[in-house]
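> sequence and predicted model, in that order:
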Amino acid sequence: MAARILAPEEWGRVDGLDISALLPFFKPENVHLVVVEKEGEVVATWAAMRQVTFEGLWVHPEHRRGKVIPQLLRTTFDAAKPWANSYGVTWSKDEAVSRQIRKLGGQRFDAETFFLATGGA
């Protein structure tokens, strides 16, 4: 058995696996699709994906209507464009913030969140 990173032109080898549903949303340069192969067959996958994370959404209560939120969104999304795939991720543990995110078109993704130490900076 051997582990390696699949080149984007080989991503079809994981068609039908859960990871294949995410790949169209990522720029190929932002994905390292790791596989373990046994006798040429993919027996395991896990991907390292760079993605934009939006954090710290807050708007003063007196300014939650009007032009503040559209200005904040437009400028934040523009700031993320050089790094962005076709989406960004954010978290919320406050219902008021969750409502704001839903109003922006945010979709809830039910999953547990884990932070893994990678040994990086």
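Noted; the coordinates are in hand. Numbers count the residues shown, from 1 in each chain.
> next one: phi and psi at the nearest residue to Val97 once chain neighbours are set aside?
Distances taken as Cβ to Cβ, 6 or more residues apart in numbering place Leu57 nearest to Val97, at 5.7 Å, with adjacent residues excluded. From N, CA and C alone the C-beta is placed, and that goes for glycine too. Leu57 adopts backbone torsions of phi -60, psi 120, taken as degrees, to the nearest 10.
> so the spatially most central residue of the chain versus Val42, what's the distance?
Centroid-nearest residue in the chain, with Cα atoms, centre = their mean: Gln51, separated by 4.5 Å. Gln51 is 23 Å from Val42, where distance means Cβ to Cβ, to the nearest Å.
> and if you look at Leu57?
Relative to Val42, and taking Cβ to Cβ, Leu57 is found at 39 Å.
> just want to know which of those two has more residues nearby.
Set side by side, Leu57 and Val42 show more neighbours around Leu57, with 19 against 15, by other Cβ atoms under 10 Å.
> okay, that one and Trp91: tell me how far apart.
10 Å.
> can you pull out the strands in this structure?
Using DSSP state E, the strands of the chain run over 2-6, 31-38, 41-49, 52-53, 88-89.
> most tightly surrounded among those?
Between these, strand 31-38 has the highest mean count of neighbours, a mean of 17, where neighbours are mean count of other Cβ atoms under 10 Å.
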